[in-house]
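> Turn this into a model:
(one chain, ligands or ions: 1)
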Amino acid sequence: MIYRHMAVIDGEMVHFEILDTAGQEEDSLQIEEKIKWGDGFAVVYSVTDRCSFDEVMRLCFLINHIHSSPKRSGGSEQPPVVIVANKKDLQFDRMVSTQDGENLSKALKLPFYEISTRDSYEETVAVFNTLYQELMRQGHFSPGSFKRRTVSKVMEKIPKMQASSTLNSAGRSLSFNSFRDYIPE
Ligand SMILES: Nc1nc2c(ncn2[C@@H]2O[C@H](COP(=O)(O)OP(=O)(O)OP(=O)(O)O)[C@@H](O)[C@H]2O)c(=O)[nH]1
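Numbering: from 1, shown residues only. From the prediction side, this is the model:
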C-alpha cells in the first residue's frame with residue numbers, strides 16, 4: 001500500500017509517497033526491492049508490542065546493508081532512518097518504555113520519536129518532516145528537484161501495492177507501520 005502525503009516544509013511543497021508493508025507476506029527479494037525504493041525510512045514499533053521493538057535493530061541494519069551495497073544508485077551516505085514508537089496513548093498496555101526506545105536510538109545514532117498516530121497528526125507528520133530535512137541536509141536532492149518515481153513503475157515490481165489516499169477513515173492521521181514484515185526468514 002502506498003499512501004500519499006503533501007506538506008509545505010521550509011516553504012517547499014513536498015509530495016511524499018509512503019510505502020506501508022502491513023500484513024504482507026514477503027520474500028527477501030521483495031523486501032530488498034522495497035528497501036531500495038525508499039529514500040528514507042520510518043522504522044515503527046508499537047509500545048504495546050515487545051516483538052515489534054525487538055525487530056527494530058535488525059531492520060535498521062538491513063536498510064543500511066542494502067543501501068550501502070555497490071548496486072545502490074546515488075550517494076554513499078546512509079539513507080535517513082528514524083525510529084518511531086507508536087501508540088503511546090495506550091499507557092496501560094505499554095510493554096516498551098520510553099527509556100528503552102531512547103537507549104536503542106542512541107546506540108544506533110538515529111532520531112527517536114514517541115508518538116500516537118491516533119491522537120496527534122502533528123506528531124505523525126513530524127516524522128516525515130525529519131526524514132525530508134535529513135535528505136535535504138545530505139544534499140542528494142535540492143528542494144523542488146526531488147528524485148521522481150512513478151507509482152506504476154513500483155507497482156510493476158510490487159504487484160500487491162495500490163495507490164491510496166494518505167488520510168485514514170478518520171480523515172486526519174497518516175498511517176504507517178512496523179517494518180517487521182520486511183525481515184527475510
Ligand atoms: N490506540 C492506538 N491505536 C492505534 C494507534 N495506531 C494504530 N492503532 C490501531 O492499531 C491497530 C493496527 O493498526 P494498523 O495501522 O493496522 O497497524 P499494523 O502495523 O498495520 O498492524 P498489522 O496489520 O498487524 O501489521 C488498528 O486498530 C489501529 O487503529 C495509536 O497510536 N493508538
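> Need the three-state assignment for Val43.
The three-state assignment at Val43 reads strand, by DSSP: H, G, I helix; E, B strand; the rest coil.
> What about it, how many residues nearby?
Other residues lying near Val43 total 23 when counted by other CB atoms under 10 Å. Using the backbone N, CA and C atoms, a C-beta is placed for each residue, glycine as well.
> now do Glu123
Using other CB under 10 Å, Glu123 is surrounded by 17 other residues.
> Please name every helix or strand in contact with the helix or strand it falls within.
Glu123 is part of helix 121-138, with elements assigned from DSSP states H and E. When contacts are defined as 3 or more CB pairs under 8 Å, 6 or more residues apart in numbering; DSSP states H and E, helix 121-138 packs onto strand 2-9, strand 12-19, strand 41-46, strand 81-86, strand 112-114.
> need those in JSON lines with mean pLDDT, can you?
Formatted as JSON lines, the helices and strands packed on helix 121-138 follow (pLDDT from 0 to 100):
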{"stretch": "strand 2-9", "mean pLDDT": "90"}
{"stretch": "strand 12-19", "mean pLDDT": "91"}
{"stretch": "strand 41-46", "mean pLDDT": "95"}
{"stretch": "strand 81-86", "mean pLDDT": "98"}
{"stretch": "strand 112-114", "mean pLDDT": "98"}
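> Compare these and give me the one nearest Asn103.
strand 112-114 (9.4 Å; CB to CB).
> Need the contact partners of that closest one.
With CB atoms under 8 Å, 6 or more residues apart in numbering as the contact definition, strand 112-114 has outside contacts at 47, 82-85, 88, 98, 101-102, 104-106, 123, 126-127, 130.
> If I take the helix holding Glu123 and strand 12-19, what angle do their directions form?
Relative orientation of helix 121-138 versus strand 12-19 (axes from the mean of the first three to the mean of the last three CA atoms, to 10 degrees): 100 degrees.
> Of all pairs in the contacts of strand 112-114, which one is the farthest apart?
Lys106 and Glu123 (20.1 Å).
> Would you mind writing the CA trace of the helix holding Glu123 as CSV?
Written as CSV, here are the backbone C-alpha positions of helix 121-138 (Å, rounded to 0.1, in the frame of the first residue of the first chain):
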residue,chain,number,x,y,z
TYR,A,121,-1.5,14.4,13.4
GLU,A,122,1.3,16.8,14.2
GLU,A,123,3.5,14.2,15.9
THR,A,124,3.0,11.9,12.9
VAL,A,125,3.9,14.4,10.2
ALA,A,126,6.9,15.5,12.2
VAL,A,127,8.4,12.1,11.5
PHE,A,128,8.2,12.7,7.7
ASN,A,129,9.4,16.2,8.0
THR,A,130,12.5,15.0,9.8
LEU,A,131,13.2,12.4,7.0
TYR,A,132,12.8,15.1,4.3
GLN,A,133,15.0,17.6,6.1
GLU,A,134,17.7,14.9,6.6
LEU,A,135,17.6,14.1,2.9
MET,A,136,18.0,17.8,2.1
ARG,A,137,20.9,18.0,4.6
GLN,A,138,22.6,15.1,2.8
